[in-house]
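S.K.: here is a sequence together with a model predicted from it:
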Amino acid sequence: MKKFNVKVNGRSYEVEVEEIGAKVVPEPTAPAAPAKPMPGPHAAAKKAAPPKPAPAAGGKTEVNSPMPGTILALEVKEGDKVSQGQVMLILEAMKMENEIPAPMDGQVVSVKVTEGASVSAGDLLVVLE
């Protein structure tokens, strides 16, 4: 067994690696305090919370794109009433279809994108009040 320090996403981990086909020689072990388990690289890969709506002037709420992509479908139009969690549009990013939900109950004041439009992260999609 060989010990290595490996850095993943800026965090350092001590790992032991066994060489395949190598003769296994047990290492002498001294009694030691139990090691604290280190979180693996997947510990930080929790599902990101949906973006918080940005308050706009006059009590309106802006819904921005959480990532770059292409608008596949608009499920709402100006004047529609929406419920919190209702799908307002479908955004394709990295060949995945992402539903963009309404962050609150309200009415669609304006839709700032069209089907087929390319958007960047943070671009304004819909305004609610």
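M.R.: The structure has been received and is ready for your questions. Numbering: from 1, shown residues only.

S.K.: how about the strands of the chain, start to end?
M.R.: In the chain, strands defined by DSSP state E lie at 2-8, 11-17, 54-55, 61-64, 69-74, 81-82, 87-93, 96-101, 106-111, 118-119, 124-128, listed in chain order.

S.K.: format these as a markdown table; extra columns: mean neighbour count and mean pLDDT.
M.R.: (Each C-beta comes from the backbone N, C-alpha and C, glycine too.) A markdown table is the format used below for the strands of the chain (neighbours: other C-beta atoms under 10 Å; pLDDT from 0 to 100):
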| stretch | mean neighbour count | mean pLDDT |
| --- | --- | --- |
| strand 2-8 | 9 | 84 |
| strand 11-17 | 11 | 84 |
| strand 54-55 | 12 | 56 |
| strand 61-64 | 20 | 94 |
| strand 69-74 | 17 | 95 |
| strand 81-82 | 16 | 96 |
| strand 87-93 | 18 | 94 |
| strand 96-101 | 15 | 94 |
| strand 106-111 | 17 | 95 |
| strand 118-119 | 16 | 95 |
| strand 124-128 | 22 | 95 |
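
S.K.: what's the neighbour count on Ala102?
M.R.: Counted with other C-beta atoms under 10 Å, the neighbours of Ala102 add up to 23.

S.K.: excluding its backbone neighbours, what's nearest it?
M.R.: Val82 (4.1 Å; C-beta to C-beta, 6 or more residues apart in numbering).

S.K.: repeat that for Lys3.
M.R.: Per C-beta to C-beta, 6+ apart, closest to Lys3 is Glu16, 5.4 Å.

S.K.: check contacts around that neighbour.
M.R.: 1-4 (C-beta atoms under 8 Å, 6 or more residues apart in numbering).
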